[in-house]
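# Okay, sequence plus prediction incoming.
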Amino acid sequence: MQVEKIKIKDLRLWDENSRFPEEYFDQNEKNLVDHFLSVPKYKIENFAKEIVENFDLIPSERIIVWQNELNEWIVMEGNRRICVYKILSDPTLITNEKKKYYFEILSKKIEMNKDYEIECITATREEANRYLTIKHEHSNNEVSWGSTEIANHRKRFGRAKQQDHIKSEISKNIRELNNFPKELIEKVLGAGYITTLYRVLTGKAAADKFGFNLDKKGNLSVKDPTFLDKLKIIALDISQNKKYNEKIFSRLSQQEIGEYIGSIDKNRIEKINEEIKKLPTQQTLEGDKFIIPSQNESPSSPVPNLVKNNIREKRDRKYLIPTEFRLSINNFKVKKIYEELKKAELENVPYLISIAFRVFIELSMNCYLEKHLSLFNLKSDLKQKVLAVADHLEKKFSVPKKLTQGIQCAVKEKNGPLSPEILNAYLHDNKFSPTSSNLLSMWDNVEQFICKVWENIK
């Protein structure tokens, strides 16, 4: 191995990197960049921000490259980092306009162009693969390979076991499912769910029920013609934390897994697409997304019934603020905004409501901060104001931690139920429109918190 300085423009992202599904083989650089940006667990935006803020710490891990027959430098280790370098030096690689704008702003904070030289370790493909195996299969990277990536790596370098081949094929099949939302795919193939998915599908019960068969090259064939339909149902049930025989899927025996697969009948298959459409959605900066329950949330009904949609039942109303809700406000301006919000019909004036709601939340925070935290800088952004108020309510007035922590989490998440980014987009983004369901969701999540805020202002 030798150390060489290589220009960013001369480095090539490795399309056979185990983070890429097989359909990305031989894809151009823009498509590879888009994939990295589209998968939340790769944390490209956060990584880029960290690089800009702490550029002197970047060489803590070396980039490892090898030279192919075309004399191109292929990045074997450090593809996430090189992806960020490439984007910062040329944001036009990004096709998503909102993300492109984010990186254009970041790129102005750092002096980096395509001719910037990166210190790399050059190696043979075999030497680089040995390093990758030691590093990633022992899970010692900050964004470690999961079981899918490990299976892909073993398969591509001729070391795959039978289960590795099955895992690789199953993950590929799930990514190619028709009418299966991307956020559900990423959830079921992500941490906490992928292990359960593989437990259900790589054991003897699934092999017998579906008729799995691997040829000498590791290609999987399936006898059951309805396999992909049933795979969609299994992935959905696991992503929604459903139960079978009153047990979560990770606790099922092989016999119970076989019984569960056998219970998936023609009627369920015919209704699966409608079942998916009825899942609750939430508006985000990237468009409407399905609401994914956390792992400690369970639906109220077992398989195969639909999850009871309490969220939609609660939100079936004309006004943002429920008519029976009462709030005592001692600030004239905030009180008037509140009264107008109670009278405005969502169907008629959603844009006005979204802007007024944003103003109502911030002015409520300002009133509380002026009353109790007079030294707080009111020029701070909305997120900092909400966090400060929630923290003070908990410490000064013993407001339950469950409520304050919920609000703090809601305001920290980019696409959370009280996302400042979304509230600000209502006001400043001429292409981002509010939806009634999302506005109702926001109010429902902030209602108890707002009560505590005004109870403790007087």
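Structure received. Residues are numbered from 1 along each chain as shown.
# What is the neighbour count of residue 153?
Neighbours of residue 153 under the rule other CB atoms under 10 Å: 23. For every residue, glycine as well, the C-beta is placed using N, CA and C.
# same deal with the one 4 residues further on?
A total of 16 residues lie near residue 157 under the criterion other CB under 10 Å.
# The closest residue to it other than its chain neighbours: how many residues sit nearby?
Using CB to CB, 6 or more residues apart in numbering and skipping residues adjacent in sequence, the residue nearest residue 157 is residue 129, 5.9 Å away. Residue 129 has 18 neighbours, counted by other CB under 10 Å.
# can you pull the buried residues of the helix or strand hosting residue 129?
Taking DSSP states H and E as the definition, residue 129 sits inside helix 125-136. Under the neighbour-count criterion of 16 or more other CB atoms under 10 Å, helix 125-136 has 128-129, 131-132, 135-136 buried.
# Following it in sequence, what is the next regular element?
helix 147-156.
# what's the following helix or strand after that next one?
The helix or strand immediately downstream of helix 147-156 is helix 162-175, counting by DSSP H and E.
# Only C-alpha atoms, please: export that next one in CSV.
The C-alpha trace of helix 162-175 is given here as CSV (Å, rounded to 0.1, in the frame of the first residue of the first chain):
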residue,chain,number,x,y,z
GLN,A,162,-26.9,-20.0,2.0
GLN,A,163,-28.5,-17.5,4.3
ASP,A,164,-26.4,-14.7,2.9
HIS,A,165,-27.7,-15.4,-0.6
ILE,A,166,-31.3,-15.5,0.7
LYS,A,167,-30.9,-12.3,2.6
SER,A,168,-29.4,-10.5,-0.4
GLU,A,169,-32.3,-11.7,-2.7
ILE,A,170,-35.0,-10.9,-0.2
SER,A,171,-33.7,-7.3,0.3
LYS,A,172,-33.5,-6.9,-3.5
ASN,A,173,-37.1,-8.2,-3.9
ILE,A,174,-38.4,-5.9,-1.2
ARG,A,175,-36.8,-2.8,-2.9
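# what's the following helix or strand after it?
Taking DSSP H and E, what comes next after helix 162-175 is helix 182-188.
# So for that following helix, mean pLDDT?
In this model, helix 182-188 has a mean pLDDT of 86.
# quick one: buried residues of the helix or strand following that helix?
Per DSSP H and E, the first helix or strand lying C-terminal to helix 182-188 is helix 194-201. For helix 194-201, a neighbour-count test (16+ other CB under 10 Å) marks 194, 196-201 as buried.
# For the nearest residue to residue 376 once chain neighbours are set aside, identify the helix or strand it belongs to.
Counting by CB to CB, 6+ apart, residue 376 lies nearest to residue 369, which is 4.6 Å off, once chain neighbours are set aside. Using DSSP H and E, the element containing residue 369 is helix 350-372.
# Measure how the helix or strand following that helix sits relative to helix 350-372, angle-wise.
Downstream of helix 350-372, the first helix or strand assigned by DSSP H and E is helix 382-397. In terms of direction (axes from the mean of the first three to the mean of the last three CA atoms, to 10 degrees), helix 382-397 departs from helix 350-372 by 40 degrees.
# dump the residue contacts of residue 85.
8, 11, 51, 112, 116, 118 (CB atoms under 8 Å, 6 or more residues apart in numbering).
# and the nearest residue to the fifth one once chain neighbours are set aside, how many neighbours does it have?
Put plainly, it is residue 116. Leaving aside its sequence neighbours, residue 116 sits nearest to residue 8 (CB to CB, 6+ apart; 5.2 Å). Neighbour count of residue 8, defined by other CB under 10 Å: 18.
# Residue 115 is in contact with residue 8, correct?
Yes. Residue 8 is within contact range of residue 115, at 7.3 Å (criterion: CB atoms under 8 Å).
# just checking, what packs against the helix holding residue 369?
Helices and strands touching helix 350-372, by 3 or more CB pairs under 8 Å, 6 or more residues apart in numbering; DSSP states H and E, are helix 332-343, helix 382-397, helix 420-428, helix 436-455.
# Return the mean pLDDT over the second one, rounded to an integer.
Read that as helix 382-397. Helix 382-397 comes out at a mean pLDDT of 92.
# Show residues contacting that helix.
Here helix 382-397 has contacts from 361-362, 365-366, 368-369, 372-373, 376, 378, 380, 399-401, 404-405, 407-408, 411-412, 418, 420, 423-424, 449, 452-453, 456, using CB under 8 Å, 6+ apart.
# now the residues you listed: which count as buried?
For those, a burial check counting by 16+ other CB under 10 Å picks out 361-362, 365-366, 368-369, 372-373, 376, 399, 404, 407-408, 411, 418, 420, 423-424, 449, 452-453, 456.
# which secondary structure elements does whatever helix or strand residue 52 lives in contact?
Using DSSP H and E, residue 52 maps to helix 44-53. Contacts defined by 3+ CB pairs under 8 Å, 6+ apart place helix 44-53 against helix 29-38, helix 79-89, helix 97-107.
# And the helix or strand following that helix, what's buried?
Using DSSP H and E, the helix or strand that follows helix 44-53 in sequence is strand 63-67. Using 16+ other CB under 10 Å as the test for burial, strand 63-67 gives 63-66.
# for the record, mean pLDDT for the helix holding residue 129?
So the average pLDDT for helix 125-136 ends up being 80.
# Compute the inter-axis angle for it and strand 63-67.
Put simply, helix 125-136 runs at 150 degrees to strand 63-67, going by the same axes, to 10 degrees.
# which residues sit against helix 125-136?
Against helix 125-136 from outside (CB under 8 Å, 6+ apart): 1, 18, 64-66, 76-77, 123, 141, 144-145, 149-150, 153, 157.
# Show me which of the residues you listed has the smallest pLDDT value.
Lowest confidence among the contacts of helix 125-136: residue 141, with 47.
# Please name the residues that touch residue 272.
Taking CB under 8 Å, 6+ apart, one finds 229, 232-233, 236 in contact with residue 272.
# Double-check that it belongs to a helix.
Yes. Looking at residue 272 with DSSP: H, G, I helix; E, B strand; the rest coil, it is inside a helix.
# State the distance from it to residue 205.
Distance of residue 272 to residue 205, computed by CB to CB, to the nearest Å: 21 Å.
# looking at this structure, which helix or strand is least sure?
helix 310-314 (a mean of 40; mean pLDDT, DSSP states H and E).
# what's residue 341 in contact with, if anything?
319-321, 353, 356-357, 360.
# Residue 108 now?
No contacts exist for residue 108 under CB under 8 Å, 6+ apart.
# Can we start the residue count at 342 from this point?
That works, and once the first residue is 342, the last one we named lands at residue 449.
# Relative to residue 707, how far out is it?
Counting by CB to CB, the gap from residue 449 to residue 707 is 32 Å.
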